[in-house]
Every structure is written in structure tokens, then in C-alpha cells.
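Peer 1: quick check, what structure comes out for this input:
(chains A, B, C and D)
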Amino acid sequence: MAGRNIQAARLLGPLAAVAENPRLRGPALGILLAVLLIAPPALGSYATVILTNAFLYVVLALGLNIVVGYAGLLDLGYAAFFAVGAYTVGILTERFGVNFWVTLPIALAVAGLAGVIIGGPTLRLRSDYLAIVTLGFGEIVRISARNMKITGSASGLTGIEQPWLFGWHIATPRDFYYVFLLLAVLAVFISVRLAGSRLGRAWLYVRYDEDAAEAMGIDRVRVKLAAYIIGAMFGATAGAFFAVNLGAISPESFSFNQSVLILMAVVLGGMGKIPGVILGAFVVIIGPELLRAAGDLRLLIFAIFLLLIMLFRPSGIWPGRRAGR
Amino acid sequence: MKHFTRVLAAGALLAMAGGASAQAQGTLKVGVEVPTTGSEATYGQDMYNAAAIARDEINAHGGVLGKKIQLIVGDDACDPQQAVNAASKLVSQKVVAVVGGYCSGATVPVLKIYGDAHIPFVITAANSTALIPANPGNAFLINSTGDQQAITAVKFFQHKKIKTLAIVNEGDAYSQNLADLMRTAWQKAGGKVVDFETVNKGEQDYSSVVTAIDAKHPDAVFWTAYYADGGLLIRQLRQSGYQGMIAVGDGSNSVKLFDIAGKAAEGVYAFSNPIAQFLPAAKSFIATYKKEYKAEPGPYAPLTYDGMQLLVWAMKKAGTTNAAAVEKALASANGVHWLTGPIAFTKKNTLARSNFVVLEGKNGAWIAAK
Amino acid sequence: MSLSVIIAHQLVNGLVLGSFYALVALGYTMIFGVIKLLNFAHGDLYMVGGFVGFLALSAISGVVGSGWGGIFLAMLLSMIGVGCLGVLIERIAYHPMLHAPRLSILITALAVSLVLQNAVLALTGGQYTAFHTDLGFGGIHLGPIFISYNQMVLVATAAGLMVALEFFVTHTQYGRAMRAVAIDHDMCRLMGIDVSAIIGVTFFVGTALAAAAGTMAGAYYGSLWYFMGFLIGLKAFTAAVIGGIGSIPGAMLGGLILGLLESFGTQIPGIGSAWKDVFAFAVLILVLVLKPTGLLGKSEQERM
Amino acid sequence: MSENLLQLRGIGLAFAGHTVLQNVDFHVAPKAIVSLIGPNGAGKTSLFNCITGFYRPQRGSIVLDGAAMHALKPHAVTAAGIARTFQNLRLFREMTVLENVMSGMHCRTRSGAIGAILGLPSQRAEEREIAARAEECLRFVGLEEALWQRDATTLAYGHQRRLEIARALATRPKLLLLDEPAAGLNAGEKQDLIVLIRRIRDEAGIGVLLIEHDTGLVMQISERISVLDHGVMIAEGSVAEIQSNPRVIEAYLGQDDGEADFDL
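Peer 2: Predicted structure coming up:
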């Protein structure tokens, strides 16, 4: 299996070579985008939905990648931010009739605030404590959503209205395919910009050596908090559009398993590597669909795959160490 | 692995697009959306088996509109997101209608998908009232909804001279919905809800909840969730010395309840949709099921069988598989019946009558309660 | 029922629940002590312990019956079997990663947890497995308070195991070496202690305690489920942190405190069963923020 | 006497009741090169950690150029003008030489997430400034351009030492703390180090405080020397004064292992 992993990596080699080559990268991305733009008519509704889902996970995984891959903070409750975005939009549009586009910045602000509230006091903790605190936080958010009237309790919210944009009613699966494609592209763009910035480098300094980073004048708590807040906003954006896409949300969608799935996407593809994380998001969404025939075994296959990746290729299936810089 | 990656890298899109293959000549595809993996898989498998028996019978009698029925299973794993994927796949495979729907939580988000695709959907098990407002109009519920279960329960408790009630749910969409409906109905009927608890699935230790219930001395405890944890709660209630009545909702009507609760489940009452052994019309169905699957039909087998028959009846009546016509025919159903009794719908597409019966646990099995 | 009786009952409930938490928390804290790893798979080893105990009891119940005698024997077999599994996991998954970045080993532990869970899910089809025993419903009445024999045996067994562990750690060569390894690996190597072997012993003992708890829980509550280790793993970790991670008496104390907190949380108006876990996790977060070393933990060197 | 660049008064530090530093007074004059010496375990690195904010002393004050340092966190101390290197190399692995040095500019720049995402002109200008400063520092310590895109940890040991100094210089310090900068260097490299330290002081006008075991180097470069023993400052003075100080001789001869790095 280990040998095969390496083989798989070799197959990805040419792909990676294209992605790393500044001359080829532009045209390759252009072609890829063009294909994705004209694809929907050729795709059935199933493929459209699955790809939409994959784009959603690209956004989520890139958001978590900032927290885990860049800042090196293990967040096991990332679904909580996803939930915060979904519920903020769901509650405000469904219960109070607020326009979706007005609720979107509110969702981002609420998620940012949640990031500060949970991150502020806990980001000083050692990494394994932080992991368990975030796990606990994720459960608190899920249980709260389950218990409260305003969140629709366990049944969740239904009938969340789909938004209009300049006379275009975003309603069909194909509409949402384009919306999520746009979100994914934006997420990639923002990730790339951040990775090459002063803040992006600071995350890596802190991740590789906290003491040395502090000695260089970097406020580790502040930098980590920034990662946490930006990650939270990615999650909330994904959640907001997730809510209007499905039209119904319930606490089940924001369980620990959801957090694990997003983390898997980040780790499988390669923490801190943008093309790797994108690939990881596609793997965790399309993989289970391809393995539908395996029934209950498919999650086991994934878990074993994750373990083998950690043991034999901890930098993920995407070749190279840190791409996209 | 090699293959896997190559598919991902090169042809994932094409591979999926190819999934929507051309429809075979002379067959009608009907989707069966049930959980065939995960914790609720036995229910889902049971429902699929019943649908398959109906298919065989229908095809043996010449099919419908000159075509044979082909079933396609969509595994929702009782998970909202999986359910959306499975439903989209069924839509891509060009099914003309869908039967099934077990977990309410997984059924709510697919309503929109079938609605957008204009596919009639006969829901044969899921019965949370949360389904009603989310229904775009193409879904029909042939299992009575939770509010009707609550009415049945209120009548039964009053008949048994119950004054005070403790309600326990598991915090999921179905059991919390039923618990809320029950609380409202019971209080409206003048009863007292002395305790209302929410436990976690798979928690094992319910002793603190049991003590909290004991402290309120309710005449009856009503468990609204599934059998697996219900069995544990019943055991712990009886172990602590609780002597009052214990009743469970239709999520716990499985005989496996007795496996887990043991003798503590003796004398427990269950409100249930009609199960095969109590349906006079189901004799031959039970025999066929036993012959085919070497097992007793489960709690939702008769309803799923009826769901298939109802669908075929509607198509025949409409004379087409056109969605609007079939939906119109379904809505016009006026007492057609197969195993579970006459089917007619309210304006909200729910079953017009209550189909709930009361069962009692005796010697590790259910019997009809007095 | 008067308030004092309710309190007494919840005290008993908390004690029983706390015993389970403490047994599982001990393994967490021991393993954390020697390799500073938060073993996410620990709760799942509790679950596997339950299933192995169940299989063992099914195999031997014909000879020894399935009363407490049979259950004890099954528990012992499960402790040995799952203890070995714990060592195997350490050798395969954790050992190669001891010097890898912290993040990698944490994710590896998470992966091990997922593998165990999903392996059992695939084997059981996600169904609950009924754990049949001959345990009765008997007990004694202390005034209005009822305590079942099962509860008494359970708490006594847990206490016995903890006493045995305390003896092992303080009075045996391995136990002393374990404490030394917890302080400094390199120093131990210089002193001729086989650090790798001691880590193995720690995993065996820690995992065996979780397996014991799993078997007893299965027998006592009467059913097993592939996901049953998740919540208790989380709670046991909370217990270990409350008591002070790395401290063995701390794990016992933390387990009991958390068990009691939950029992009484159910009874407190405004919390109740629906919010009891939020309450428990809030306590965890508060402890970590206000006193990260827990109640009995040793303070680490303060670094700004 | 002019105002001191760094002034420590009455520093006291203890861990779990164990005294590490006791009533330490110490100063560094502007643009001075000062060495801190003492036997192993005397508390030299602890004192460094107090100055740089990694430890918070229970007693005493630390003042840099009139500003109190002793309540600040390490990053704030660096921002105030004290840079340091580590005894064991602490370069950022998996990052290039240039990126390592760029870390020093973090506290001298301010653009954040929004600027980066929008690619604002101010942010771009700042990125250019960061790169320019990093390149300047690398040239200053003598690391040629061919090495800049290499992974930092693949450099030769001597180069890694220089890289750490370049990284510290990038923070634009007033005072540079070097923790055993000559450890592991050969004789030729040590001479280069002496030249480099003098240039840091002469050309950049930065005060240098170093902990060093290599007595030859200390005697050659220091203007003042302070001697720490068992957490107590036992002597302070010029090279000649220290060499003839009986307490210093006693402190070194009293060492059990007879460490021979203080050759009188």
C-alpha cells in the first residue's frame, strides 16, 4: 500500500509539475476553469450536485487549512463555524425575513466573533489541549442548536429562501453549481494571496518554531487568532450558501463527523498545500460516491487510507513539500 | 489506488456524467430511498425487500402501462448530506417516482430535490411533522404523522387512567418532534407533563435521568425515540425500581427492543404503525417475505409494499407516468387499500386517518394491547 | 421523593458513572504521561474492550456461566487481548512518530480512532449488540435509597483496579520506571532504562483498564455499539484534565467529579439532561483556561 | 557617564522555589560589545531569557533606552529593539533562507489580511521593502545570493549561524544578544565572526551582548565583561580587570569538572 501511495504520487507528478511551473500554471488553470464553466449542461443533475458539494468542501478545507496547515492548530470542531454561518443566515432569512445578502456579512461577523470568543482564551494552550477544546466547542454548538427553539431544535430550519441576485433567482442545482464554483475560486484566490503575504509567512514561522517566531517580534497569539478568525469566516461563508442551497439545515449536518471529514480533506491532500487541499476536498467527496458499492466498508477504507497517509506520507498525496508559494 | 487516483485526476467528471445512462426499453425505473448502510440499515433493507416483493407481483401481472418496473436503491444512510447525494443520483438515473424515506432528518432535505425534478415521492415510513411544511406538493405520506400518534397516545393514556407523564427523547429530529407534539397534546387534554428529558444517542448511562424521572413519580414514562437506547432506558428504569407504565413510540416497535431490554420490557406498550402480523390482509405477504428473505417482515415492510402498489395504481389511473398527472391521481386516492388499510390524503398530502395501533410486550414479542 | 433522597441517588449515579470515567481517564493520563500524546483512540479501545469481553463471555459462559464470575473472567481476557492491541497500535502507529511534529501524531491518533470505529461498524453493520448476562435486579435498601448489587460490584471492581494500579506504579520496578520515563526519556536511557519497553508496558496497562471498563459497561448496561467510545472518550479526557493530566490520583478524582457534575447537572433546573453535556464541556474549557494543570497536576515551567 | 542602552537592576528569578538569579545588576553602554561569562549553570541563558521576555523575573527592572522591558512579552521586547539568537540553532525549517530573514521584518511592517487579499499598493510596497531589507541583511553577514532560495536547514553549519544573525538584524535592533555564537565554529570561522560582530557595532551602530565559552574570542572582542556565578553577578569590568579578579578565578577553579574554557 505504501508503495502504491508513492506510485499514486508519481502519477500526480506531471500534474504537480504543471501546477508548480509559473508558465504553465496560468493556462492550465484557465483551461480547467473553462471546462468547469461549460461542463454543467453535459453533466447530469447527480454529477452537478456532487461537484457542487466538492466545491463547498474546497471552501471548507481551504478555510481549515489556514488554521491547521498554516498556523498548525489542530481544530476538531471546525464544523461549528460552518454551523454558525448556516444558522445565522437561516434564522435571519427564515424567521426575520432579512435579505440573504444582508445576512451574509452578519454571518461573517458572528463567525469572527465566535472565533475570538473561543480562540482568545484558548489559543495559548498547548496544541493537544486546543484540539480537545475545539472538539468540545463543536459539540456545544451542535447541542445548543439541537436544544434551542430559535434554531428549530433537532428538526432544524426548513424553507430557507433562495436568494436573488440582480433579478436572477439562484435556485436550481446548476445555479448553485456556479455559485459554489465562484466561491471555491475566491477561496483559492484568497488562500494564495494570504500564503504569500506577511501574515501567511508569520503563520508558518509560528507553526515551525513558536519561540523563534516570538524572538523575531511576532505576536503568536495574535497571529494564531487571525488564522482562527479567517478560518472561521471561510467556514461561515460556506455555511451561509450551504443553508440557501439545501433550503433546510439541521444539527446533524454539523456533527463531529463533519469536522473530521473536512480535516481529512486537508490532511489527505497535504496540509498547507493549496492544490493538495483542493484535491483532498475532491477525494473526500467523490471517493465515497465511487465506493458506494462498498457500503459500510467505505468509511473504513477512508480511515485506513488516512492512517497510511500519516504513517508513510505525512505531507499528503500532493507531491512536493509546500506548494503554492 | 492507482486506478482510483487516475479516475480522480483524469476522468471523474466523465465517469459521473456517464452514470445517467439511457433508459432501457420497456422498463420504468422507480427509486427506493432507504438507509442500507449505517445504524438504521436493517430498517432500510427490510423496506427495500417489501418494495421488491411488490415489484415482482406487479411485473408478474403485466407491469404498468405495458412496462416492467425496475427498482433502483438510493442509500441515504439516515444522513442529510448522503440523502441529498443519493436523491440527486436517483434523479440523474431518470426514475419516474420514488418510494421510501425512513429517517425524517434525512428525508426533509430531499423533498426539495424531488420537487425541483418533478418526481412523485411516496413516503412510507418517515412521519415527522417537519416534513409537512417542507413538502413542495409532490410528496405523499402514507404513514400517519407524529401528531396522530400523539392523539392515539393521549386516548390510550386516558383510557389507562394516567394523570402524569414523563417524556424522554433522544435529541434527533424524529424523537424530539414526537416528544414536543406529545407534550402539547397531553397538556391540551388536561394531563400533566411532570418531566421532559433529552438524552444522547449511545450514552449508555441514563441513571441520572432515571433518578430525575423517579423523583417526579409519573404515572407513565413515554420514550419517543428508537429501540436501541430505549431498551437501555427501560432496563435502567425498572432496575431503579420504577413501577409505573412505560410506553414507547413507533421508532421502538422493533422486536429487538426485547433483545436489549430483556425481561424489563415485559408489559411495555408501543404505539405503532400497522405491522404485518396484525394485518389480516398481509397473510400471503408474510409468507412470501419469509420464503424470499428467511425472516419476518419488519415494521415498515407493509407500508412500503403499499407505497409501491399505490404508485402503480396512480400511474394506471393517470394512464401516464407524467409527474403532474400521477400526483393528481395520488391526491385523488379515496380509500384504495392493500395491506395496511384504506389510503386517502388530507390537503397537506398526509394520510387522512390515523393508522396507529397499540401493542404490548409479552414474552419477548409484541401482541395487540387491550 | 425528598431532595435529600434525590441527592443521595444522584450521588450513587455519579459514583457509578464516575468509576467508568476514572478507569478510562487513567489510561489517557498514563499514556499522556509517558509520551505526551493525547490518544484519541483510547475511547475506541474501551469500545473494542466491550466487544472482546462480549465475545469472550459468549465463548466461556457455557462453562462458567454469565454471572459476575463469568464476567470477571471475560473482563480479564478482554484486558489481556485489548492490552496487546494497545501495544500493537503504539508500535505500528505512534512509535515511528514520536519525534514527528505534534500535529502529525495527533492526526495519526485520530486516524487510529476512525479505523477502530469503522472496523467495528463494518463488522456489526452499525447495529447495537445485546450483551446478555445473568445479572439480576437485586440490591439493598438503605432507607429510601436503593443501591443495586451490580452497582456495588462495579464500583468495588473499579476501586480494586485503581488500587492495583497505584500499587503497580509505586511499588514495582516497571511502575517506578514508568514514572521516571514520564519525567525525562533521555535521562532514563542514560540510566539504562529500556524506554521503549516501558512505553509498551504503559500502553498495555492503560488500554487494559479501558478494556475492563468497556466489558463492565457492556455487561452492566446490556448493549454494545461501535460509537459508544466517542462520548466516554471525550468525557474521560475531560476528567483527566480536571484532575490534572499526567496525575494518576488526579484521573480518579477527575472521573468522580465529572460523574457527579453530570448527575447533578441533570437535576439542576435550567441545565437538565438536554444541556448536561454543554455543562460538562464548559467546565472542561473553564478548567483549561483558568487552571490548565488541573486540580492535582504538576505545574509546568511557566513560559511567557 | 552617558545613559546606558540596557540597564538591569535587582533582577531576581526563581523556579518552584529554586533561585536561579539573585539581585542581578547589569548594564550595556550604547554601541558597546559586552560579554557575559560564567561557569555552566550559572544562569547566563536565564538572564538572556529575562532580558528577551521569555522569562518574567519576580523582582527587578529591565530598561532599554529609557523604556521598561520587564513586563513585556518576547515579541514586544523585540519590537522595542532587542534581538537575539539561540544557543541551539532555531531556524524555520522547510522555509528558504530569504523567508527566514524576512521573519525579522514582521515587527517593522503592518499590512494584514485585507491588504494581502486585495493586493493594495501599500501592501505591495511593504513586501518589496521586506525583501529588500532581508537581502541587505543577508549581504551584510556575507551569505551570497546563490544560497537565498535554498532551504535554511540545508546550509552549512557556519552559514546557519550567520543566517540566524542576519535574521536578528532584520528586526532593526538597538541591542543584539548572541547566545554562544561561536559554538561549533572552526578557527577561521571564529575570526570571521569577530569581524562580523565588530561590523555590526561599527557600521550598524548596534550594541552587542554575547554569552560565550570561547575565552579567546571573549578576550579579543569584549570591551566589558560581566561574570555570573550561581545566579549572582560576581564581577564586572574590562578584560584586564576580569582576568585578575580573584573571585572569578575562584569561581572557575571551584568547578568540579574543571572545565578548561577559562584559561588565565
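Peer 1: residue nearest the centroid of the chain?
Peer 2: In the absence of a named chain, this looks at chain A. Of all residues in chain A, the one closest to the mean position by C-alpha atoms, centre = their mean is residue A:60, 1.3 Å from it.
Peer 1: looking at chain B here, not the other one
Peer 2: residue B:125 (2.1 Å).
Peer 1: assign it to helix, strand or coil.
Peer 2: Recorded secondary structure, residue B:125: coil (DSSP: H, G, I helix; E, B strand; the rest coil).
Peer 1: contacting residues for it?
Peer 2: By C-beta atoms under 8 Å, 6 or more residues apart in numbering or on different chains, the contact set of residue B:125 is B:43, B:47, B:100-102, B:143, B:273, B:300, B:303-304. C-beta here means a position set from N, CA and C on the backbone, and glycine is covered the same way.
Peer 1: again, 7 Å this time
Peer 2: Listed by C-beta atoms under 7 Å, 6 or more residues apart in numbering or on different chains, the contact set of residue B:125 reads B:47, B:101-102, B:143, B:300, B:303.
Peer 1: contacts only, for the residue nearest to the centre of chain A.
Peer 2: Listed by C-beta under 7 Å, 6+ apart, the contact set of residue A:60 reads A:82, A:234-235, A:238, A:262.
Peer 1: ok, and which of the residues you listed reach chain C?
Peer 2: Contacts with chain C are made by none of the contacts of residue A:60, judged by C-beta under 7 Å from any C-beta of the partner chain.
Peer 1: identify the farthest-apart pair in the residues you listed.
Peer 2: A:234 and A:262 (10.4 Å; C-beta to C-beta).
Peer 1: chain C: helices as residue ranges?
Peer 2: Ranges of helices within chain C are C:3-35, C:42-64, C:68-89, C:102-124, C:149-171, C:173-183, C:185-190, C:195-221, C:228-243, C:248-267, C:272-290, based on DSSP state H.
Peer 1: against which helices or strands is the third one packed?
Peer 2: On a contact count with 3 or more C-beta pairs under 7 Å, 6 or more residues apart in numbering or on different chains; DSSP states H and E, helix C:68-89 meets helix C:42-64, helix C:195-221.
Peer 1: would you mind extracting the C-alpha trace of stretch B:125-143 into PDB?
Peer 2: Output of stretch B:125-143 as PDB, limited to C-alpha atoms (Å, rounded to 0.1, in the frame of the first residue of the first chain):
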ATOM      1  CA  ALA B 125     -42.100   5.500   7.000                       C
ATOM      2  CA  ALA B 126     -40.800   8.900   7.900                       C
ATOM      3  CA  ASN B 127     -43.500  10.800   9.700                       C
ATOM      4  CA  SER B 128     -42.200  13.900  11.500                       C
ATOM      5  CA  THR B 129     -44.500  16.800  11.100                       C
ATOM      6  CA  ALA B 130     -41.400  18.800  10.000                       C
ATOM      7  CA  LEU B 131     -42.000  17.100   6.600                       C
ATOM      8  CA  ILE B 132     -45.300  18.800   6.100                       C
ATOM      9  CA  PRO B 133     -44.200  22.500   5.600                       C
ATOM     10  CA  ALA B 134     -41.100  21.300   3.600                       C
ATOM     11  CA  ASN B 135     -43.200  19.400   1.100                       C
ATOM     12  CA  PRO B 136     -43.300  21.100  -2.300                       C
ATOM     13  CA  GLY B 137     -46.500  19.200  -3.100                       C
ATOM     14  CA  ASN B 138     -45.200  16.100  -4.900                       C
ATOM     15  CA  ALA B 139     -44.600  14.000  -1.700                       C
ATOM     16  CA  PHE B 140     -47.300  11.900  -0.100                       C
ATOM     17  CA  LEU B 141     -47.100  10.500   3.400                       C
ATOM     18  CA  ILE B 142     -48.800   7.100   3.800                       C
ATOM     19  CA  ASN B 143     -47.600   6.600   7.400                       C
END
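Peer 1: can you redo the helices of chain C as TSV with mean neighbour count and mean pLDDT?
Peer 2: Below are the helices of chain C laid out as TSV (neighbours: other C-beta atoms under 10 Å in any protein chain shown; pLDDT from 0 to 100):
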stretch	mean neighbour count	mean pLDDT
helix C:3-35	24	91
helix C:42-64	23	95
helix C:68-89	21	96
helix C:102-124	22	91
helix C:149-171	16	91
helix C:173-183	17	88
helix C:185-190	13	87
helix C:195-221	26	95
helix C:228-243	28	90
helix C:248-267	24	90
helix C:272-290	20	87
